[in-house]
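> predicted coordinates and the sequence they were generated for:
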Amino acid sequence: MTAQSWLEELLATDLADAGCDGTFDLLDLYVEAQVSGRDTERFRGVIAHLRGCAPCREDHAGLLAAARGQPQRGEA
């Protein structure tokens, strides 16, 4: 990673970002709120983090699919 790309990534970081640990701690509650149609506004930090973290987005997608009873990739 070049110094320029590192700086651009840093400046693009949302200050509300909950980080990986914070997102992991709240992910089940966030998915529960999504599935039940409840307001997710209180999960701003999780939402901000998911925008910028591919591994956490992947975890979210899997948990959301499971909560909705949808098969995962590779399942039939």
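Sure thing, it's come through.
> what sits up against the longest helix along the chain?
Taking DSSP state H as the criterion, the chain has its longest helix at helix 19-36. With Cβ atoms under 8 Å, 6 or more residues apart in numbering as the test, helix 19-36 has contacts from 18, 38-40, 43, 45-47, 49-50, 53, 55-56, 59-60, 63-64, 67-68. Using the backbone N, CA and C atoms, a C-beta is placed for each residue, glycine as well.
> out of those, list just those in strands.
Among those, no residue falls in strands (DSSP state E).
> any of those buried? List them.
Buried by 16 or more other Cβ atoms under 10 Å: 18, 43, 45-47, 49-50, 53, 56, 59-60, 63, out of the contacts of helix 19-36.
> just give the nearest non-adjacent residue to the residue sitting nearest the centre point of the chain, would you?
The centroid of the chain falls nearest to L50 when counting by Cα atoms, centre = their mean (3.0 Å). Nearest residue to L50, sequence neighbours excluded (Cβ to Cβ, 6 or more residues apart in numbering): R57, at 5.2 Å.
> for that neighbour, the count of nearby residues, please.
R57: 14 surrounding residues under other Cβ atoms under 10 Å.
> and it, how far from Q34?
14 Å (Cβ to Cβ, to the nearest Å).
> dump the residue contacts of L63.
27-28, 31.
> tell me the confidence at it?
Per-residue confidence for L63 comes out at a pLDDT of 96.
> just G69 next, same as before
Value for G69, per-residue pLDDT: 91.
> tell me the phi and psi of it?
Per-residue torsions, G69: phi 70, psi 20 (degrees, to the nearest 10).
> max pairwise distance over the buried ones among the contacts of helix 19-36: which two?
Farthest-apart pair in the buried ones among the contacts of helix 19-36 is G45 and L63; separation 16.9 Å (Cβ to Cβ).
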